[in-house]
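Visitor: Could you work out the structure for the sequence below:
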Amino acid sequence: MADFGCGNVGHIIFPATELVAEEGGAYAIDIQKHVISAIESVRRQKGLANLVSLWGDFERPLGVRVPNQTFDLSLLVNNLYLAKKKEVMAEEIRRTTKLNGRLVVVDWLKESLPLGPKISERVVPEEAMNLFESHGFKFDHRFIAGPSHWGLVFLRTS
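Guide: Reported below is the predicted structural model:
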């Protein structure tokens with residue numbers, strides 16, 4: 001599995017290492033090198049052999065240095081609103097996700113909240129649906145991702 005834009009806290013990737021089998025792998029992917037260094041430091045400290053910290057630019061074609069169809073599960077959490085090249089990002093996530101693999105997208109609700117980015121920067125779930133459905137994913141279901149986020153699950157179909 002991969003956490004695209006993992007962030008230096010690793011609040012998703014570290015618990016994910018416990019969920020994937022020892023022979024499986026969890027990839028923490030981020031464009032910021034200091035983030036990868038922070039994740040790598042914790043990985044060594046905790047002795048997590050199934051965690052790979054990987055510098056990657058998923059807003060660039062072939063910007064994540066893994067073979068095509070590497071991941072059974074790809075996560076994009078609180079990063080869609082940040083992407084400047086959403087089409088390229090969607091294609092790079094498609095390239096790296098296995099056929100019939102899943103993509104989970106979670107992002108901020110487009111409403112006034114005490115935390116998070118400006119409302120004008122946020123995206124609505126329908127925008128994510130249109131984006132990923134035009135890049136080889138089929139919408140599967142929506143879920144509540146807490147009081148300030150929406151969540152969508154897709155299946156890679158092509």
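
Visitor: name the helices or strands packed onto the longest helix along the chain?
Guide: Counting by DSSP state H, the longest helix found in the chain is helix 33-46. The criterion is 3 or more Cβ pairs under 8 Å, 6 or more residues apart in numbering; DSSP states H and E, and the helices and strands that helix 33-46 contacts are helix 13-19, strand 26-30, strand 51-55. Backbone N, C-alpha and C define where each C-beta goes, glycine included.

Visitor: Which of these sits closest to L99?
Guide: Of all the helices and strands packed on helix 33-46, strand 26-30 sits nearest to L99, with 18.1 Å by Cβ to Cβ.

Visitor: Do you have the strands of this protein handy? List them.
Guide: Applying DSSP state E to the chain gives strands spanning 2-4, 26-30, 51-55, 71-77, 97-108, 137-144, 149-156.

Visitor: Let me have the ones you listed in TSV, adding distance to Q45, mean pLDDT and mean neighbour count as columns.
Guide: Listed next are those as TSV, based on distance: least, Cβ to Cβ, whole Å; pLDDT from 0 to 100; neighbours: other Cβ atoms under 10 Å:
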stretch	distance to Q45	mean pLDDT	mean neighbour count
strand 2-4	18	98	27
strand 26-30	14	98	27
strand 51-55	11	96	19
strand 71-77	23	98	22
strand 97-108	27	98	20
strand 137-144	32	97	14
strand 149-156	29	98	20
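
Visitor: The ones you listed: which one's closest to G10?
Guide: strand 26-30 (6.4 Å).

Visitor: who's in contact with that closest one?
Guide: 1-8, 10, 13, 16-17, 20, 36, 39, 43, 50-56, 58, 64, 66, 70-71 (Cβ atoms under 8 Å, 6 or more residues apart in numbering).

Visitor: Okay then, goodbye and thanks.
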